[in-house]
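>>> this is a predicted model, with the sequence first.
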Amino acid sequence: MKHLEETPWFICDENDTNYCAYVDTDSNYFNAEPLLNYLYPKLSEMDDNERDNKLEKVALAYQDIITDHYDILAKECFNTPKHRLEMKTEAVIRSAYFRAPRRYAQWITKQEGIKKEVLDVKGLEYKKSNFPKVFGNFFKDALEDVLKGTPQNEIDKRILDFKKKILHDMPIEQLGNPTGVKTLNKYIERKPVGGEAFTIIRKGAPAAVRATIKYNDLIKYWKLDKKYSTIVQGDKVKWIYMKKNPYNIEALAYLDFDMPDKIRDFLNRFADKEKVFETILLNKLEGFYSDLGWRLTTNPYVNQFFI
């Protein structure tokens, strides 16, 4: 292991391996484990708190070394005696997951000298407003488990248990994709006439829009529109995929705060909860597993995931 006094621009070993894990604007994230193992041969025998303290101590020392070398950089590379570059240790991170630029999660145990235990997440899909909260909470818990070293087989089992809960116990109101209805009328080709039940929808209509129009049609067809509101442009709704049903509806939207019992019963009978699990959560988990070098398809529960 070379010292930063010799190579101040990056942490490297004798083979010039770069241990910079991630760069974002003026922030740099380094894998400090090789350096710590070099400085503290008995690092593996220390508990987590002691390792965190050692890491912070080293980081504070090396930030000063790097800052001092900026003097050399300024003079030799930019021909100026002064600069405003300064390194600062922002956080001690016990483990992290980097998905893509500005899409990551890190388990912070110290921040600017203050001890804490916090999962800091930026840009991951489950944080988006159109990701159902119940799925987002599960993904967050799974992510935290991984960062804290939970074995894969335990996470596999939790995924299976969660799927069973979705299929059999989860209230239908929690399973829909949340979205706003921004355009509605432009996709209506022709409204029902002469006893017809459903609107003719123009090609290219987004799934949420199609699901919304079908909901409004059902409300009127079942003569519920005098008691319950139809969905209008600007409303916040949820929508869900449907299994084969008497009305050949592929997806149906709903207002979870104003849902007729007849709509709820229809959803409970025909909502495609299997497809909900696969499209909202499972494909995200497969990408997550792949990033970790895990294979979801080789765990002992794979047949139960895909039945």
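Alright, I've got the coordinates. Residues are numbered from 1 along each chain as shown.
>>> tell me the contacts of A96?
A96 makes contact with 21-22, 29, 104-107, 147, according to Cβ atoms under 8 Å, 6 or more residues apart in numbering. Where you see a C-beta, it was placed from the backbone N, CA and C, and this is true even at glycine.
>>> now, which of those residues sits nearest V276?
Using Cβ to Cβ, A105 is the member of the contacts of A96 that lies nearest V276, at 24.1 Å.
>>> now that closest one, what's its secondary structure?
strand (DSSP: H, G, I helix; E, B strand; the rest coil).
>>> turn the contacts of A96 into JSON lines, columns for pLDDT and neighbour count.
Listed next are these as JSON lines, based on pLDDT from 0 to 100; neighbours: other Cβ atoms under 10 Å:
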{"residue": "A21", "pLDDT": "83", "neighbour count": "14"}
{"residue": "Y22", "pLDDT": "84", "neighbour count": "15"}
{"residue": "Y29", "pLDDT": "88", "neighbour count": "18"}
{"residue": "Y104", "pLDDT": "91", "neighbour count": "19"}
{"residue": "A105", "pLDDT": "93", "neighbour count": "21"}
{"residue": "Q106", "pLDDT": "93", "neighbour count": "20"}
{"residue": "W107", "pLDDT": "94", "neighbour count": "20"}
{"residue": "L147", "pLDDT": "93", "neighbour count": "17"}
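>>> just put those in a markdown table and tack on distance to S95.
Output for the contacts of A96, formatted as a markdown table (distance: Cβ to Cβ, whole Å):
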| residue | distance to S95 |
| --- | --- |
| A21 | 11 |
| Y22 | 13 |
| Y29 | 12 |
| Y104 | 11 |
| A105 | 9 |
| Q106 | 7 |
| W107 | 5 |
| L147 | 4 |
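>>> and the pLDDT at I159?
The model reports I159 with a pLDDT of 92.
>>> hmm, it is touching A142, no?
Yes: under the criterion of Cβ atoms under 8 Å, I159 makes contact with A142 at 7.4 Å.
>>> L73: how many residues sit nearby?
If you count neighbours by other Cβ atoms under 10 Å, L73 ends up with 15.
>>> then the one 3 residues further on?
Burial of E76 is recorded as 8 neighbouring residues (other Cβ under 10 Å).
>>> for it, helix, strand, or coil?
Assignment for E76 (three-state DSSP): helix.
>>> distance of it relative to H83?
E76 sits 12 Å away from H83, going by Cβ to Cβ, to the nearest Å.
>>> which member of the contacts of A96 is positioned nearest I280?
The shortest approach to I280 among those belongs to A105, at 18.9 Å (Cβ to Cβ).
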